[in-house]
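Asker: Sequence first, predicted model second:
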Amino acid sequence: MTGFFESEVVQQEAKQLFEDYQNLITLGNEYGKFDREGKKIYIDKMKELMDRYKIFMKRFELSEDFMAKMTIEQLKTQLNQFGITPQQMFEGMNRTLERMQSEIDN
């Protein structure tokens, strides 16, 4: 049985998530210059990315692979240093996106 991180599907999804995230963050530096429609598209893309990330993390949690479990524990430890859980991290990101959405709806 191959390890979780040896799976080509997992590697490809991780690579794609990281690239999409980096591209959105870079694009986000110009957010203030976007028109209303551009801002809506950006927020939708960020929400879509967060959903994909949640699914990816759930796959880690459900895996029996030792390295996958260690990755989840490392994430929890890192977030704990900021006093939050992964769930709180996602909730915070969603609140930020909802606030951004309400600002352009007004």
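Answerer: Yep, it's here.

Asker: which helix in this protein runs the most residues?
Answerer: helix 36-62 (DSSP state H).

Asker: Now do it: distance to the chain's middle.
Answerer: Going by Cα atoms, centre = their mean, to the nearest Å, the spacing between the C-alpha centre of helix 36-62 and its chain's C-alpha centre is 6 Å.

Asker: Now the element after that helix, going C-ward?
Answerer: helix 66-80 (DSSP states H and E).

Asker: and that next one, average pLDDT?
Answerer: Helix 66-80 shows a mean pLDDT of 89.

Asker: Alpha carbons of that helix, as CSV, please.
Answerer: The C-alpha coordinates for helix 66-80 follow below in CSV (Å, rounded to 0.1, in the frame of the first residue of the first chain):
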residue,chain,number,x,y,z
PHE,A,66,0.8,8.0,9.7
MET,A,67,2.2,11.0,7.7
ALA,A,68,-1.3,12.3,7.0
LYS,A,69,-2.2,12.1,10.7
MET,A,70,1.1,13.9,11.6
THR,A,71,0.3,16.7,9.1
ILE,A,72,-3.1,17.3,10.7
GLU,A,73,-1.5,17.3,14.2
GLN,A,74,1.2,19.8,13.0
LEU,A,75,-1.5,22.1,11.6
LYS,A,76,-3.5,21.9,14.9
THR,A,77,-0.3,22.7,16.8
GLN,A,78,0.5,25.6,14.6
LEU,A,79,-3.0,27.0,14.8
ASN,A,80,-3.1,26.4,18.6
